[in-house]
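# 3D model of this:
(chains A and B)
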Amino acid sequence: MSGRRRLPLAWIVTLPFFAYTLLFMFLPAGSVLIGAFEGKTHGYTISNVTTLFHHPYIDAFKTSIEISGTTALIGGAVGLAVAYAAIREGTPRWVRSALTTFSGVAANFGGIPLAFAFISTLGPLGIITVFGRSHGWDPTAHGFSLFSKTGVELAYMYFQLPLMILVISPAIDGLRKEWREASSNLGASQLQFWRYVGVPVLMPSLLGAIILLFGNAFAAYATAYSLTAGTVNIVPILIGAYYSGNVLNNPHLAQAMAFGMFAVLAVMMVFYIPLQRRAARWAK
Amino acid sequence: MAYLELQNLHRDFGTNKALDGIEIQLGEGEFLSLLGPSGCGKTTALRLVAGFDRPDQGRIVVDGKDVTRVAPNKRDMGMVFQAYSLFPNMTAHQNVEFGLRIRGKDRADRRKRVDDLLELVGLGHAGTRYPHQLSGGMQQRVALARALAIEPRVLLLDEPLSALDAKVRVQLREEIRRIQLELGITTLYVTHDQEEALSVSDHVAVMYRGRIEQMGSPAEMYTAPATPFVAEFIGTMNRIEATVVDPSTGTIETGGVTLTVEAARGKARGDRVLVLIRPETVEVAAANGAGANTMTGEVLTHTFLGPVTRLKIVSGQSSLIADMPTARAAALPPGSKVDAALPATEARLLDLKDDEALPQITEEPGPAGP
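Residues are numbered from 1 along each chain as shown, chains lettered A, B, ... in the order given. The predicted structure follows:
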C-alpha cells in the first residue's frame, strides 16, 4: 500500500477559485498597497496617504461615507419593511415571486442605463419633473437636483433597496410563525414582538446586510459618474480621474485613495464584528 | 357550571369544513383532550380558543364571558406549541419571564416566579441556557413553564409531545398531568395519540371531519365507543358485520357462523349490526371444535408486543385479532388451526344502516386556511 497522501478531489475542484482570488483580489490589493506608498518618480513615501487628509480628498471620503451610510440605512430599513410585507402570512404568493424577480434585476442595474432612467424621469426635463411643473409643483424650486448628492443617493436607492430585499428575505423566512403567536399569546403587541423577538433575531442578518449595502454604495462608480459627470466628489470618481485622467494623472495617489477605502471598510469591520458577535450570541 | 364553553363553532376554509358545529363544555380545573386524525379540526378548534383565528359562527365563552372577538394578547391563555416556539434569542429564564415582563411585573416578583416555575418543570439548573442548548424535551418543559408563568385562565397544548422520542413523551405527559393537577388549571390538549389522550385526561373528545364523534371519560371511550369511527380509532378493535337472526337469544350470523351476543337481545330480526370485540377479550386455543361461541380458523401472523402477542386469525372470509400472553402464543405458531372464542357479554353492538359502509380511518386533508 502506498504511503503517499493524495490531494482530495474536493480541494482540486476549488483550485480555480483560489487561483482567481489570488490573481484578481490579492495581487491587485497587494499592488495597491505597495503603490500607495510609492513616490511619483521613485522611492517610497507616505505623502500620498497624508495627502488624503487634505481637501479635496478628505471631502471625497466624507461624501462617499455619507452617501453609502445614508443609502445603506434607508435602503436597509425600507428593504426590510418591503421584504417583510411581501413574505408575511396573508400576502399572496405571487407578490413575493414578482418582487424577488424584480429585485434580482434591479439590484444589478446601474451605470449609464440607470443614470439615463433617472434623468428621463427626475432630470430637469424628466417626465415627472415636467408633469409636476405643469401641475404647479416644481421639485427644482424646492432645492432638489438630480445632479447633487441627494440625487446620487436617490439613484443608488434603486439598487440598494432590491439588494436588501434579496439579502434579508431568507432571514425573514426564518422568523417562525410560532414565535409571533407565542408572544401574542403571552400578551405582547406587534410592536413588543418586534422589539423583543423579531428585530433581535434578525439583527445579525440585518447588520451583515447593512455592511453589504454600505460596501456596495461605497465602491459604486459608474452611476454617480454618469449622473453627475464628476460634479459630486466621491472617492471612486477621484480614483478614476487620477488613475486614467490626462490632466490629473497620478496613479500612486489613486492607489493611496484605494488604500484609504480599504481602511474605511476595515474600520467598519472593527465595529461590525463585535456588534455582530453580540447580536448573534444566542445562536452559538 | 362550565368554565370553558365552545358553542356551535363553525369554521370553513374554502370548501373544507374544518369545524362543523363543535360543542364543548369543560369544568374549571378539568383536562380535556381533543383526539383525532390529522385534519379532523382539533388544532383549528384550539387556535380559535387561543384567538389566532376567528370562527365563522359560534361563540367561545370563558368563565361566563364571551371571548370570541377578543384579541389573542388579551385572552390570558397560555399555549404550548408543537415545537420550536421558544424565542431563540432569549435564555430559558428570559423565555419564561417574557409574559411577566410584558405585564410589567416587578423584577423581584418575576425572578421568583420564573425560578419557581423552572423548578416545577425540573429545569432549575438550566435557566441560563439558550433554546439551542436544550434538548427537545427540555425545550417543551420551558415552553410549559412560559405558558404557566402568566397564570392563564386556560392552558392550551397543541401536540406538545409529537416531536419528542417515545420515552421522553411518556415521561413528559405524566409531568404535564401532575402539574395540571397541582395547579388546578383548566386544560385543552390536542393530540392524535390515543394513548396520550387516554392516559392524562379527565375527558376525551374524539373528532372526525370537523365534528365531535363522542366525548366522555377515557374509560367510556375505550369500553363503550358510540360510533364505528370511535371504535376504530380508540385502541384496536375487531369489527364484525353481522345480521340479527334471533333477538330473543341474542343470536347473530356472520359469514355462515352463528354467535351469541348479549347486546343483540332486543334488536329486530334481520337488523344489520356491527359487533365490536377487543382483541384481549378473545380466547384462543388449539382447534378442537368443542367450544361455544367460537370461530374456527388459522393463525396467519404473530406480532410480538412484549408481554402479549397479537395473533391474526383468518376464519372463512372474516379475520380476527386476538391478544394472548406471549408465553402461550408460542404454542400456536402461524399456520395453526385454532378456535377463537368470542365473549358473549363484552362485545359491543352498533346498528348499521342498510347502505352504510364501515368507516376507514385515513388522514383528512388539512385545512387550506391559516
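# Show me what counts as buried in the helix ranked longest in chain B.
Looking across chain B with DSSP state H, the single longest helix is helix B:166-183. For helix B:166-183, burial by neighbour count (16 or more other Cβ atoms under 10 Å in any protein chain shown) applies to B:168-169, B:172-173, B:175-177, B:179-180. Where C-beta positions appear, they are placed from N, C-alpha and C, glycine not excepted.
# Now tabulate those in CSV and tack on distance to chain A and pLDDT.
What follows is the buried residues of helix B:166-183, written out as CSV (distance: Cβ to the nearest Cβ, whole Å; pLDDT from 0 to 100):
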residue, distance to chain A, pLDDT
B:168, 20, 86
B:169, 19, 88
B:172, 18, 89
B:173, 20, 92
B:175, 20, 90
B:176, 17, 92
B:177, 22, 94
B:179, 18, 90
B:180, 18, 93
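# ok, and what's touching the helix or strand just after the longest helix of chain B?
Downstream of helix B:166-183, the next assigned helix or strand under DSSP states H and E is strand B:186-191. Here strand B:186-191 makes contact (Cβ atoms under 8 Å, 6 or more residues apart in numbering or on different chains) with B:3-4, B:26-35, B:42-43, B:45-46, B:49, B:153-159, B:161-162, B:176, B:180, B:197, B:200-201.
# Break chain B into its domains for me.
Using automatic domain parsing, the domain parsing of chain B gives B:4-226, B:236-351.
# which residue sits closest to residue B:263 in space, ignoring its chain neighbours?
Sequence neighbours aside, residue B:349 is the residue nearest to residue B:263 in space, at 3.8 Å (criterion: Cβ to Cβ, 6 or more residues apart in numbering or on different chains).
# what helices or strands is the helix or strand where that neighbour lies leaning on?
Assessed by DSSP H and E, residue B:349 sits inside strand B:348-351. If you count contacts as 3 or more Cβ pairs under 8 Å, 6 or more residues apart in numbering or on different chains; DSSP states H and E, strand B:348-351 packs onto helix B:228-233, strand B:272-277.
# Let me have the ones you listed in CSV, extended by mean pLDDT.
Formatted as CSV, the helices and strands packed on strand B:348-351 follow (pLDDT from 0 to 100):
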stretch, mean pLDDT
helix B:228-233, 86
strand B:272-277, 90
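# roughly how far apart are residue B:188 and residue B:40?
Distance, residue B:188 to residue B:40, by Cβ to Cβ, to the nearest Å: 15 Å.
# ditto for residue A:48
As for residue A:48, its distance to residue B:40 is 76 Å (criterion: Cβ to Cβ).
# who's more crowded, those two?
residue B:40 (28 against 25; other Cβ atoms under 10 Å in any protein chain shown).
# how about that one, what does it touch?
B:207-210, B:364.
# By neighbours, which of these wins?
Of the contacts of residue B:40, with other Cβ under 10 Å as the count, residue B:207 tops at 27 neighbours.
# ok so, going back, buried members of the contacts of strand B:186-191 into ChimeraX, please.
Of the contacts of strand B:186-191, the buried ones can be selected in ChimeraX as follows, counting by 16+ other Cβ under 10 Å:
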select /B:3,4,26,30,31,32,33,34,35,42,43,45,46,49,153,154,155,156,157,158,159,161,176,180,197,200,201
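# mind showing which ranges of the chain have poor pLDDT?
Answering for chain A, as no chain was given. A:1-4, A:246-247, A:284 (pLDDT under 70).
# That was the other one, I meant chain B.
Looking at chain B by pLDDT under 70, you get B:290, B:353-370.
# show me the contacts for the closest residue to residue B:238 other than its chain neighbours.
Ranked by Cβ to Cβ, 6+ apart and with sequence neighbours excluded, the top spatial neighbour of residue B:238 is residue B:277, at 4.3 Å. By Cβ under 8 Å, 6+ apart, the contact set of residue B:277 is B:237-238, B:240, B:320, B:342-343, B:346-348.
# how far away is residue B:277 from residue B:347?
Residue B:277 is 5 Å from residue B:347, by Cβ to Cβ.
# before we move on, back to that, any idea which of the domains of chain B is most buried?
Of all the domains of chain B, domain B:4-226 carries the top mean neighbour count, a mean of 19, counting by mean count of other Cβ atoms under 10 Å in any protein chain shown.
# can you tell me the distance between the two ends of that domain?
In domain B:4-226, first residue to last residue: 24 Å (Cα to Cα, to the nearest Å).
# My guess is residue B:12 contacts residue B:18. True?
Yes: Residue B:12 sits in contact with residue B:18 when judged by Cβ atoms under 8 Å, with a separation of 6.6 Å.
# near chain B, which residues of the stretch 1-150 of chain A?
By Cβ under 8 Å from any Cβ of the partner chain, the residues of the stretch 1-150 of chain A that approach chain B are A:89-90.
# can you map out the helices along the stretch 1-150 of chain A?
Remark: helices assigned in the stretch 1-150 of chain A by DSSP state H, counting those that start in this stretch are A:9-21, A:27-35, A:47-51, A:57-87, A:93-106, A:111-122, A:127-134, A:149-173.
# Just put those helices in CSV and tack on distance to residue A:281.
What follows is those, written out as CSV (distance: least, Cβ to Cβ, whole Å):
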stretch, distance to residue A:281
helix A:9-21, 31
helix A:27-35, 32
helix A:47-51, 37
helix A:57-87, 21
helix A:93-106, 31
helix A:111-122, 40
helix A:127-134, 47
helix A:149-173, 17
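# and of those helices, who's closest to residue A:189?
helix A:57-87 (16.5 Å; Cβ to Cβ).
# Walk me through which strands the helix or strand containing residue B:259 pairs with, and which way each runs.
In this assignment (DSSP H and E), residue B:259 forms part of strand B:257-260. According to DSSP bridges, strand B:257-260 forms sheet pairs with strand B:251-254 (antiparallel).
# quick one, what contacts the closest residue to residue A:76 other than its chain neighbours?
Leaving out its chain neighbours, the residue that sits closest to residue A:76 by Cβ to Cβ, 6+ apart is residue A:210, at 4.6 Å. If you count contacts by Cβ under 8 Å, 6+ apart, residue A:210 has them with A:72-73, A:76.
# Which members of those are classed as buried?
Counted by 16+ other Cβ under 10 Å, those give A:72, A:76 as buried.
# Out of the contacts of residue A:210, which is nearest to residue A:206?
residue A:76 (6.8 Å).
# Quick check: the gap between that closest one and residue B:312.
Using Cβ to Cβ, one gets 65 Å for the distance from residue A:76 to residue B:312.
# Among the contacts of residue B:277, which pair sits farthest apart?
The distance between the two most remote of these (Cβ to Cβ) is 15.4 Å, for B:320 and B:348.
# what's in contact with the particular helix or strand that has residue B:79 in it?
Residue B:79 is part of strand B:77-80 when elements are defined by DSSP H and E. For strand B:77-80, the external contacting residues (Cβ under 8 Å, 6+ apart) are A:181-182, A:185-186, B:46, B:49-51, B:99, B:140, B:143-144, B:146-150, B:152-158, B:160.
# how long is stretch A:138-148 end to end?
Stretch A:138-148: ends 16 Å apart by Cα to Cα.
# what residues does the stretch 51-200 of chain B put near chain A?
B:51-52, B:71-79, B:81-82, B:84-91, B:98-99, B:101-103, B:130, B:132, B:143, B:146-147, B:149-150.
# can you give me the strands in the stretch 201-350 of chain B?
Remark: strands assigned in the stretch 201-350 of chain B by DSSP state E, counting those that start in this stretch are B:203-208, B:211-216, B:238-246, B:251-254, B:257-260, B:272-277, B:283-286, B:294-304, B:308-315, B:318-325, B:337-341, B:348-351.
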